[in-house]
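Visitor: What would the 3D arrangement of this be:
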Amino acid sequence: MKSTGNTNILIIDLGTANKYDLVLSNGDYVGGIIAPGLITSSIALNLNTGKLPLIKFNKLSRNSPLIGKNTFEAIQSGLVNYMKLATEGIVDGVKRKYPGKLNIYITGGSAGLIKSKLNFDYKYTENSVLHGLNYVINFQKA
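Guide: Numbering: from 1, shown residues only. Next comes the predicted model:
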């Protein structure tokens, strides 16, 4: 995705891994951040602790409490709210380091859990990887 005009672009893909990629307004790809995604984190908690249960994606809720009252709610809060707060922190950091207009695009299988809770403006794109692959296939056919 090429930036237009004087607008930087931050692409956030929340899935198995959470990826944050920054493209400057001149078209330069600055780099990115890769962190464990929601399900990857849930699996790690289950595998690397003695008694914490595996929380499956379909059991998570976008309305998870900030502070859980039992083990399930506490893990759910940790997974969902940690992803939300980390994403907001990364966006704030990018805005401070790279001032100017910033367009933010969010995609990925876990984005639906936090997109309505985020404290910044963004454009949500569902199935962006599939759209990108379709673009490449059509480009190669031409």
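Visitor: what are the phi and psi values for the nearest residue to L45 once chain neighbours are set aside?
Guide: Nearest non-adjacent residue to L45, counting by Cβ to Cβ, 6 or more residues apart in numbering: L52, 5.0 Å away. Every C-beta, even on glycine, is put in place using the N, C-alpha and C of the backbone. Dihedral pair for L52: phi -80, psi 130, per degrees, to the nearest 10.
Visitor: check contacts around L52.
Guide: Listed by Cβ atoms under 8 Å, 6 or more residues apart in numbering, the contact partners of L52 are 45-46, 71, 75.
Visitor: Just the buried positions in stretch 86-101, please.
Guide: By neighbour count on 16 or more other Cβ atoms under 10 Å, the buried set for stretch 86-101 is 87, 90-91, 94.
Visitor: Equivalent analysis for stretch 38-51, please.
Guide: Buried-residue list, stretch 38-51, by 16+ other Cβ under 10 Å: 38-39, 41-43, 45.
Visitor: now, among those, which is nearest to A111?
Guide: Using Cβ to Cβ, L38 comes nearest to A111 of these, at 10.0 Å.
Visitor: give me the low-pLDDT residue ranges for this protein?
Guide: Counting by pLDDT under 70, the low-confidence segments of the chain come to 1-5, 129-133, 135, 139.
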